[in-house]
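Enquirer: Sequence first, predicted model second:
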Amino acid sequence: MRLVLAFLLAASLYADGGKVLFQRKAGAFNITLFAAESPVRVGKPDLSVMVQSSSDQSPVLDASVQLRLVRHDANAITDITAPAKHEQATNKLLYASTLDLNTPGRYRAEISVQTKKESALVTGDLDILPPEPPLLAHWPYFIALPIVVLLFVLNQRLKQKRRAVNPQ
Amino acid sequence: MDSTVAAAFASWPLDGRVIAILLLSAFIYIRGWLKGRQLLRDPNDGMRLLSFLLSLLVLFLATESPLDAFDSLFLSAHMAQHLLLIMIAPPLLLLSHPLLPMLRGLPKRFVKEGLAPFLSWPPLKNFFGWLTSPMPAWFAFAASTVAWHVPFMYELALSSPMWHGLQHAFFFWSGVLFWWPVIRPGPSKPKWPKWVAIPYLLLADILNTAISVVFVFSSKLLYPSYNTVRATHFGAMEDQSLAGLLMWVPGSVVYLVPAFILVMGLFTSSRMQTVTAPRRVCKAVRTGSSIWWKRSPALRRLAQTAMLLVSIIVVVDGFRGTQVSALNLAGTLPWIHWRALSMLALLAVGNLFCMACPFMFVRDAVRRVVSPSLRWPHALRNKWLSAAIIALYFWVYEAFSLWDSPWLTAWLISGYFMGAVLIDSLFRGASFCKYVCPVGQYHFVVSLMSPREIAIRDKGTCRSCQTYDCLRGNEKARGCELYLFQPKKVGNLDCTFCLDCVKACPHDNVGLLPATPAKTLLTDAYRSSIGRLSKRTDLVALALLLVFGAFVNAAGMVAPVMMWEHRWHARLGPHAMPYVVGAFVVIGAVILPFFVYQCCAAINGRRQVASRLALSLVPLGVGMWAAHLAFHAASAWTTAPVTWLEILLLEAGLCVTLYTAWRISEGVVLKQFLPWAAVSCLLFSAGIWIFFQPMQMRGMMH
């Protein structure tokens, strides 16, 4: 059961990069933020970070990475922080994080990277759009239904035709 | 190994949907291949099977391996992935001559009723024949290859998993089309000569070389997305050139080697005509054998013992453990895992829970001491009592948050044991299972959608049988305690899968056999111990209660309904919540289906027709239960949304419901089919609305 579920649910986790949202150089690192799907929307966007050594572009795999999203509003401040880890990423060169974003708007994304020797902090803007209407977001699953109905109608007509031609 | 390389090799995306499709394809092909082998033994059989499995392996490597994980970082990885999808998987698939084995592997009835009208439809046959002829196949392939390499299209695929999936599907299927005229898989008989494939392949190589040259020699980065990440001493331009080289060299080899083989074949064809004739194999095949069940009489006892032990642990934890439901076995096992597992078993096999029922284990032990002498009262020999208990359960579950109280859950299970023992100590047969047990009734109704049933193999054997051991029993096993006489038994209703009849049959004529889900709803034949469905108002009421109850039960957990309940609670007073919940359950699961049934029956004209059509809603109800339980089981393992799975399950239920109603109404569209189709579409819409609402994560820590 657990295996079946794990297989089926793996489908909802990408974290293998995707579209580059921004790339910054800070100290000894080149830091890139990816989103599995672009544009990024309210919900649980799949964000991943790649950390490379700025000297030779080799991936840095032993860093501690934090992803923080801050949004200032007239009425409230939204501040979400989550660690980004290899375990959550499909591509194990990346650090992935799943944040729960409830409000759309422009966020300031802060990525802090720390290794035993170095640390760095980069920031960039991130536009989070409102969620897609649920019917639109899941349209590929709904399209199956009219297709099945159409095929059934066609199937019945073909059978009728066949019976008319060959009554036996 | 270098840590970077190790990390790269550990990056397997493993999309469950793709893996499920690949496994299902392998299952269907192997099933058809085995059937084909029993009829006709071809010396190439083994190679074809190997070729099919290799094509699936290549598809798996292309879409689920580190190649896929790195395709958004490196164009060369993406190119390698595309080469596998276009040049390796399709020819391997076609070399396995998949059409006949796949058709043989699918259920016979589905092929005959569902696919055959399409396969024998002349316009479709002509279109397919035209599409797989060299000119259209080549141009379709060329158009797909060129279009998806245009920077705008490629960037679009990189920006969205959906477009990316579409790109891969186009590459694979245009690859299948392209290789069709070259390999010419059976059973089609090509009209063009073999030599046509030689210029066909050479032209494809020219196109491939032209695109590769652009990648290798372009001074501009064609896809800016690949500019961001650079590996050690390996810039985006080098990556682009490597991708071009991959397309050029291995790509050319893939086109030129078959062209060379074809040329050689043309020269030597006269000497290669020694064909080994396929050997006919006449071998009696026995399907659905029950032998392993017969040889394992202890199997049921083992399953029951295991379930009994689990029940005892759950009860003890419920009484003595922490009362935080998410941390208590009584809060998680029965309400989340067991319900989902039993649904999975019902949809994959049949009523396995009743087979392993722990209550019956205890009852049987008690019956060794106390033997029952009474007969179940005539007035109660129907489903009204169990329907009332189920309606009561819906109310108690919501009003007193059974799922959130390990203590109440433990009492419920204990009460169940006591009830089963008490009733079956007094009354003969399996009175508790047949007339009282609400869990059993739920399983009976859901098992109408099961792919297996206990049934007879050969009617003739039963006609000549004089013993009726399946009903009366013998020294080997007791007969059916639910009074189901096998020759007259139709479907899974009232069958607890106890296998007593299988063991008792002296002719080995009863077994666990394949069945088409929901098929038994299509007929109104007399059923042993049940009668005709059209005359069983109690059974229709039970089914409607479970169908509407599925929606009420799920709706009771979504935010808008809970807020509505709380608003009424605040208005009516501090102790009003159970009444508010009760009103919601009664209106949704009792009054509404009653009203719907009456309205539809008035339109249908005849009550018996309405009763049969009402039962066609069962698949939709099962779809809703399955979606709801899948949601809870999934939320135990992950926070990722599974709305897509819920939608698919409900859609499957709706399709089967519409089909069943269509068949029952026998073409009387306006008066019979449409009212029930409208009801099922409204219920489907309600289900979709429920899925899109925030839902309470019951029994979970997150």
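Expert: Arrived safely, thanks for sending.
Enquirer: how about the residue of the stretch 501-650 of chain B found nearest chain A, secondary structure?
Expert: Per Cβ to the nearest Cβ, residue B:640 is where the stretch 501-650 of chain B lies closest to chain A, at 3.8 Å. (Glycine included, C-beta is placed from N, CA and C.) The local conformation at residue B:640, judged by DSSP: H, G, I helix; E, B strand; the rest coil, is coil.
Enquirer: right, is the biggest helix by length in chain B up against chain A?
Expert: Looking across chain B with DSSP state H, the single longest helix is helix B:236-268. No - between helix B:236-268 and chain A, judged by Cβ under 8 Å from any Cβ of the partner chain, nothing touches; the nearest distance is 11.1 Å.
Enquirer: What is the neighbour count of the residue of the stretch 251-400 of chain B found nearest chain A?
Expert: Chain A sits closest to residue B:341 of the stretch 251-400 of chain B, with a gap of 5.9 Å, by Cβ to the nearest Cβ. Applying other Cβ atoms under 10 Å in any protein chain shown, we find 16 residues neighbouring residue B:341.
Enquirer: any idea which element it lies in?
Expert: Here residue B:341 sits within helix B:339-348, counting by DSSP states H and E.
Enquirer: Let me know the next secondary structure element after that helix.
Expert: helix B:352-355.
Enquirer: Can I get that following helix in PDB, CA atoms only?
Expert: Taking C-alpha atoms only, helix B:352-355 is exported to PDB below (Å, rounded to 0.1, in the frame of the first residue of the first chain):
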ATOM      1  CA  LEU B 352     -11.400  -9.800   1.100                       C
ATOM      2  CA  PHE B 353     -12.300  -8.100   4.400                       C
ATOM      3  CA  CYS B 354     -15.400 -10.200   5.000                       C
ATOM      4  CA  MET B 355     -13.200 -13.200   4.200                       C
END
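Enquirer: Report the buried residues of the helix or strand just after it.
Expert: As assigned by DSSP H and E, the chain's next helix or strand after helix B:352-355 is helix B:358-367. Under the neighbour-count criterion of 16 or more other Cβ atoms under 10 Å in any protein chain shown, helix B:358-367 has B:358, B:359, B:360, B:361, B:362, B:363 buried.
Enquirer: Who are the contact partners of the fifth one?
Expert: So the one you mean is residue B:362. B:308, B:417, B:420, B:421 (Cβ atoms under 8 Å, 6 or more residues apart in numbering or on different chains).
Enquirer: quick one: low-confidence ranges for chain B?
Expert: Scanning chain B for pLDDT under 70 picks out B:1, B:40-41, B:228-234, B:268-297, B:639, B:697-702.
Enquirer: residue ranges for the strands of it, please.
Expert: Along chain B, counting by DSSP state E, strands occupy B:40-41, B:279-280, B:452-456, B:510-514.
Enquirer: The closest residue to residue B:181 other than its chain neighbours: neighbouring residues, count only.
Expert: Closest residue in space to residue B:181, ignoring its immediate chain neighbours: residue B:134 at 4.6 Å, by Cβ to Cβ, 6 or more residues apart in numbering or on different chains. By other Cβ under 10 Å, 18 other residues sit near residue B:134.
Enquirer: Right, I'll leave it there.
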